[in-house]
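> Got a sequence here, can you model it:
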Amino acid sequence: MAAIIFAMLGAAWLWERLHQLRPGVKPTGSVQQDQIKAEHQEVEVVADAYWKFLRRHTLGMVRPCIDQGGIDLRILGITFIHLGAPTIQEDANSHTISWPIQRGLLVAYPGGWFSFQLQSSPNTKLQMRLEGFRPSLPVPLYYLLEQQLHRCIGQAFIRSLASSR
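Purely as a prediction, here's the structure:
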């Protein structure tokens, strides 16, 4: 069993190194949004709820490790995405928290953002956005696996906060 785990770790490390050398990886992204209950007004609280939701709904396989330098998303101790320190933007009707995508097993090149935006006029609307992400997976594999997983989890999270209509 230990040999299998070490082989997987070695393959993950090699995969990351090889794909950092791939030229021409095009950025991609996705957006999920819906109205949510009015009590979810602070974007930082919503973001914190998302990280807990992610861990719970992946049965603990995905472990967000949060510190002041950002967030490591880990599986079996391997960082598959590292998000840098967040920035917060606020204006009269919206609040946004964004993390820059910096590195990890699934990141071909640094760049892009993962963000939450709360818009409060006239109803509270949550938007989750992944933009400018350059995946290390080949494009067809990314669209079949990683992007679908991101959309599924994002939509389930927003539904969990959605208001009853």
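
> what bridges to the residue positioned nearest the centre of the chain?
With distances taken as C-alpha atoms, centre = their mean, residue 114 lies nearest the centre of the chain, 5.7 Å away. In this entry, residue 114 is beta-bridged to residue 99, residue 130, by DSSP bridges.

> Also residue 107?
Beta-bridge pairing of residue 107 under DSSP bridges involves residue 135.

> mind listing what it touches?
81, 82, 101, 133, 134, 135, 136 (C-beta atoms under 8 Å, 6 or more residues apart in numbering). (Glycine included, C-beta is placed from N, CA and C.)

> Would you report the backbone torsion angles of residue 104?
The phi/psi pair for residue 104 (degrees, to the nearest 10) reads phi 140, psi 170.

> my guess is it contacts residue 79, does it?
Yes - at 5.0 Å, residue 104 counts as touching residue 79 under the criterion of C-beta atoms under 8 Å.

> Quick check: neighbours shared by the two?
Contact criterion C-beta under 8 Å, 6+ apart; residues bridging residue 104 and residue 79 by contacting each: 72, 73.

> mind listing the helices for this protein?
With DSSP state H as the criterion, the chain has helices at 2-19, 43-57, 139-141, 147-161.

> helices or strands up against the last one?
Spelled out, it's helix 147-161. strand 28-35, helix 43-57, strand 125-133 (3 or more C-beta pairs under 8 Å, 6 or more residues apart in numbering; DSSP states H and E).
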